[in-house]
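# Sequence and predicted model, in that order:
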Amino acid sequence: QSYTAPAGMATALYEAERRTRPAAKTAVIAWADYTSPSGLGMDAATGKLAAEGALRLRAMVRGLPNDARVALFCHSYGSVVCGVAARDLSAKVSDIAVAGSPGMRADRAADLGTAARIWATRDGDDWIRDVPHMEWGGLGHGADPVSGGFGARVLSAAGAVGHPGYFRPGTTSLENFARIGVGAAASVQCASHNTSCAADLS
């Protein structure tokens, strides 16, 4: 089982959610209906591909049952897609969590224009930390979502290894995602530098 591809990530998250709250009615959708940049060229540095993907993400969320509570878990360039989509997402989206993010096309979480809670995580040896977090003249994806100034709730990623490791069973990042997914966000484990990430949650 590969936990680095969307289907494997979704399977791992679903199984973790079932362990976290067995009685919860939960479903996990592996959604990757966007084009990821190839390499580190212009496509990777601009928001064009993310904007196109954001249209499809909003449409997918709108198609979910009206009484659904939706949490989005966005990895790598998918977090850019989620950031662009955030302003016009359905109100049924309660949480947006990003992992290994190059940015969300915003300088602050408040600039995303959504009432959803914004979570972020990154492990210490993820190469994405070396990507410049800025936006100038349409290039770059904005501030680092795990930085203090961004204003996201920063989660622990203990046990995750490298850029694709956030959904591997046994990692704190996966357990945190599962708790958010089943409505138990108050019990997440915060990053050591952001120990109040679960403040004001019941």
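Looks like it came in fine. Numbering: from 1, shown residues only.
# so where is the protein shaky, pLDDT-wise?
Applying pLDDT under 70 to the chain flags residues 1, 37-47, 132-141, 202.
# On the three-state scheme, the residue nearest the centre of it is what?
With distances taken as C-alpha atoms, centre = their mean, the residue of the chain nearest its centroid is residue 98 (2.1 Å). Classification of residue 98 using DSSP: H, G, I helix; E, B strand; the rest coil returns strand.
# Tell me how many other residues crowd the closest residue to it other than its chain neighbours.
Nearest residue to residue 98, sequence neighbours excluded (C-beta to C-beta, 6 or more residues apart in numbering): residue 79, at 3.7 Å. (Each C-beta comes from the backbone N, C-alpha and C, glycine too.) Counted by other C-beta atoms under 10 Å, the residues lying close to residue 79 total 27.
# how close does residue 79 sit to residue 195?
Here the criterion is C-beta to C-beta, to the nearest Å. By it, residue 79 lies 23 Å from residue 195.
# just residue 71 next, same as before
Using C-beta to C-beta, residue 71 is found at 22 Å from residue 195.
# Relative to residue 111, how far out is the residue nearest to the centre of the chain?
14 Å.
# Please, where are all the strands along the protein?
70-75, 93-99, 117-121, 153-154 (DSSP state E).
# Same list (those strands) but as TSV, adding distance to residue 170.
Below are those laid out as TSV (distance: least, C-beta to C-beta, whole Å):
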stretch	distance to residue 170
strand 70-75	17
strand 93-99	16
strand 117-121	15
strand 153-154	20
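# Out of the ones you listed, which is closest to residue 13?
strand 70-75 (6.7 Å; C-beta to C-beta).
# Show residues contacting the closest one.
Strand 70-75 is contacted from outside by 9, 13, 57, 61, 64, 81-82, 90, 92-101, 116, 166-167, 177, 180-181, using C-beta atoms under 8 Å, 6 or more residues apart in numbering.
# Could I get the contacting residues of the nearest residue to residue 28 once chain neighbours are set aside?
Nearest residue to residue 28, sequence neighbours excluded (C-beta to C-beta, 6+ apart): residue 14, at 4.2 Å. Contacts here follow C-beta under 8 Å, 6+ apart; on that basis residue 14 touches 26, 27, 28.
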